[in-house]
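The following block contains a protein sequence and its predicted model.
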Amino acid sequence: MESELWALVAIVGIGCSTLFLAMPFLLIRTFMDRKLKIAEMQVRANERAVREGLEPIREEMARLRRETNDLVLSFDTTLQRLDARLQRLEQQVLAPAPQETPAQAAEPTGRPPRPPLPAAEDRSWVESHVAAEPQAVVVHRPPR
């Protein structure tokens, strides 16, 4: 019986000493787990703050994209209008003037008389400078 008692005491002693020696490791592990959870919560909070900060920037980028598209389209439209005007002016300058009948020349219109058309040598200068094909303008439109 005594040997059994000593065996029981030895087992309890070994268990207590194991628990006593394992306690610091358990405390360290618990401490590190808490630190890890706190760090994860801080990262999540920082992610939310960054996302909230990026939202106004994204809205500003979208607004700037829309404005840029509008400006490019407006510029393109303006170039097309100017090209059409230039073509009309070329046609007016290079087209032969209609001959006025004496009845039309005698009518008072309230406007000053039209200047005469340029001479043949002057007309060649106009044709060489005005009738030249305008160079194409390449407009890059951003993708939508």
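Thanks, I have it.

can we go C-alpha only for contacts and neighbour counts from here?
Fine.

Just the buried residues of stretch 73-89, please?
76, 87 (16 or more other C-alpha atoms under 10 Å).

Could I get the average pLDDT for it?
Averaged across stretch 73-89, pLDDT comes to 91.

Name the SS class of residue 96, please.
Using DSSP: H, G, I helix; E, B strand; the rest coil, the structure places residue 96 in coil.

so how many other residues sit close to it?
Residue neighbour count, defined by other C-alpha atoms under 10 Å, stands at 9 for residue 96.

Then residue 38?
Other residues within reach of residue 38, judged by other C-alpha under 10 Å, total 12.

quick one: pLDDT of it?
At residue 38, the predicted lDDT confidence score is 94.

for the helix or strand where it lies, packing partners?
Using DSSP states H and E, residue 38 sits in helix 2-94. On a contact count with 3 or more C-alpha pairs under 8 Å, 6 or more residues apart in numbering; DSSP states H and E, helix 2-94 meets helix 120-130.

and the helix it packs on, average pLDDT?
52.

Renumber starting at 11 from here on
Okay, using 11 as the starting number, the last item reads as helix 130-140.

Would you mind measuring from residue 77 to residue 70?
In this view, residue 77 and residue 70 are 10 Å apart by C-alpha to C-alpha, to the nearest Å.

go on, residue 37?
For residue 37 relative to residue 70 (C-alpha to C-alpha), the value is 50 Å.

And residue 40, by the same measure?
On the measure of C-alpha to C-alpha, residue 40 and residue 70 end up 46 Å apart.

Next: residue 84.
Distance from residue 84 to residue 70, by C-alpha to C-alpha: 21 Å.

Likewise for residue 47?
With distances taken as C-alpha to C-alpha, residue 47 is found 35 Å from residue 70.

same deal with residue 32?
The gap separating residue 32 from residue 70 is 58 Å, by C-alpha to C-alpha.

Then residue 103?
Residue 103 is 49 Å from residue 70, by C-alpha to C-alpha.

Have a look at the two and say which one is more surrounded.
For residue 103 versus residue 70, the count of surrounding residues by other C-alpha under 10 Å is larger for residue 103: 17 against 12.

so what's that one up against?
Contact analysis of residue 103 by C-alpha atoms under 8 Å, 6 or more residues apart in numbering lists nothing.
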